[in-house]
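Chemist: this one's sequence-less:
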């Protein structure tokens, strides 16, 4: 499969993100409040995009071990590290792995009940294209659980090396969700680094109006 362009982490940012300390922080403080806001019944079909080290998938499985999860990343080497981490933490889990671009998901329409995205979309070089693809593979009424960066309006835009399309404000995020066919079930804002914010959102795919592809 040919992958389209996207931001690949490098240098200090790569070291900071792909390590067990970062995973432990996410599993302990960031993911549990997000997961408590969404129902996770047995047998749910889940997709994680941009898994990184894999702590998002691990958190899902800790909450509900019977989930079926497809775990993906843009970068093959990182996906292999995620596989090792997930298999170590959840050896009996049903997890499939795929190297994909979030803007061209190789899955059928309405395939999943839940999609998880943790700090992924600001790297994707195409917020809207990625959300349209997520909406396509979610069944109507399915949930998108997302944590991502959010820029206060008084801050200048970040360089393309950090976020190819910039970091969105709250108003921009909300317009994007709505225009891609999502309703917002829960929204929470927290400080991330200094004045920068992060948004923790549970969104659901609306059955009407239908998303245009």
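Modeler: Looks like it arrived, so ask away. These numbers come from a predicted model, not from an experiment.
Chemist: CA only for contacts and neighbour counts going forward, please
Modeler: Will do.
Chemist: biggest helix in this structure, by residue count?
Modeler: Taking DSSP state H as the criterion, the chain has its longest helix at helix 76-89.
Chemist: contacts only, for residue 168.
Modeler: For residue 168, the contact set (Cα atoms under 8 Å, 6 or more residues apart in numbering) comprises 149, 150, 151.
Chemist: give me the distance between the second one and residue 206.
Modeler: From residue 150 over to residue 206 the distance is 23 Å, taken as Cα to Cα, to the nearest Å.
Chemist: more neighbours: which of these two?
Modeler: Higher neighbour count among residue 150 and residue 206: residue 150, with 24 against 20, using other Cα atoms under 10 Å.
Chemist: my guess is the more buried one contacts residue 200, does it?
Modeler: No. Distance between residue 150 and residue 200: 9.7 Å, which falls outside the contact criterion (Cα atoms under 8 Å).
Chemist: who are the packing partners of the lengthiest strand in the chain?
Modeler: In the chain, assigned by DSSP state E, the strand with the most residues is strand 138-150. Secondary structure elements in contact with strand 138-150, counted by 3 or more Cα pairs under 8 Å, 6 or more residues apart in numbering; DSSP states H and E, are strand 112-118, strand 197-205.
Chemist: tell me the bridge partners for residue 183.
Modeler: Taking DSSP bridges, one obtains residue 204 as the residues bridged to residue 183.
Chemist: rewinding a little: okay, the helices and strands packed on strand 138-150 in CSV with mean pLDDT and mean neighbour count next?
Modeler: CSV is the format used below for the helices and strands packed on strand 138-150 (pLDDT from 0 to 100; neighbours: other Cα atoms under 10 Å):
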stretch, mean pLDDT, mean neighbour count
strand 112-118, 98, 23
strand 197-205, 97, 22
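Chemist: minimum distance to residue 34: which of these has it?
Modeler: Distance to residue 34, taken as Cα to Cα, is lowest for strand 197-205 among the helices and strands packed on strand 138-150, at 6.8 Å.
Chemist: same for that closest one, what does it pack against?
Modeler: Judged by 3+ Cα pairs under 8 Å, 6+ apart, strand 197-205 is in contact with helix 31-35, strand 138-150, strand 182-191.
Chemist: dump those into a markdown table; add distance to residue 161 as well.
Modeler: A markdown table is the format used below for the helices and strands packed on strand 197-205 (distance: least, Cα to Cα, whole Å):
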| stretch | distance to residue 161 |
| --- | --- |
| helix 31-35 | 26 |
| strand 138-150 | 14 |
| strand 182-191 | 21 |
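Chemist: of these, which is nearest residue 101?
Modeler: So among the helices and strands packed on strand 197-205, strand 138-150 is nearest, using Cα to Cα, at 16.2 Å.
Chemist: residue contacts, residue 102?
Modeler: Shown in contact with residue 102 (Cα under 8 Å, 6+ apart): 49, 50, 74, 124, 130, 133, 134.
Chemist: cutoff 6 Å now
Modeler: Taking Cα atoms under 6 Å, 6 or more residues apart in numbering, we find residue 102 in contact with residue 130.
Chemist: would you mind confirming that residue 48 makes contact with residue 114?
Modeler: No. With contact defined as Cα atoms under 6 Å, residue 48 does not count as touching residue 114 (8.6 Å).
Chemist: from residue 54, how far out is residue 87?
Modeler: 10 Å.
Chemist: so for the two, which sits in the more crowded spot?
Modeler: residue 54 (27 against 15).
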